[in-house]
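Q: 3D, please:
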Amino acid sequence: MPLLEKIATEYNGAFLLAKVNADQQGMITQQFGVRSLPTVMVMQNGQPVDGFVGAQPENAVRDMLG
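A: Reported below is the predicted structural model:
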């Protein structure tokens, strides 16, 4: 999570980083089929368009964000 927060700060508002507590928001995790943590989803217009499961290196996260 610190890596995602760092990148979000550097992108200066180009995207919104939203965190969901999987224990408290079980309905959301079920809706999106989250099976393990961490799971990161890139959403556009309310739909998932990309993402990853598990820790990723910084360059992979930056590449995904374009």
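Q: count of residues packed around residue 36?
A: Number of residues near residue 36 (other CB atoms under 10 Å) recorded here: 8. For every residue, glycine as well, the C-beta is placed using N, CA and C.
Q: Helix, strand, or coil at the residue nearest in space to the middle of the chain?
A: Per CA atoms, centre = their mean, the C-alpha nearest to the average position across the chain is that of residue 40, at 2.9 Å. Local secondary structure at residue 40 is given as strand here, using DSSP: H, G, I helix; E, B strand; the rest coil.
Q: residue contacts, it?
A: 4, 51-53, 56, 61 (CB atoms under 8 Å, 6 or more residues apart in numbering).
Q: quick check, nearest of those residues to residue 21?
A: Residue 21 lies nearest to residue 4 out of the contacts of residue 40, by CB to CB, at 15.1 Å.
Q: Mind jotting down where the strands sit in the chain?
A: Applying DSSP state E to the chain gives strands spanning 39-44, 47-53.
Q: could you check the angle strand 39-44 makes with the longest one?
A: What that stands for is strand 47-53. Taking axes from the mean of the first three to the mean of the last three CA atoms, to 10 degrees, one finds that strand 47-53 is oriented at 150 degrees with respect to strand 39-44.
Q: Partner strands of strand 47-53, with direction?
A: Its sheet considered, strand 47-53 pairs with strand 39-44 (antiparallel) by DSSP bridges.
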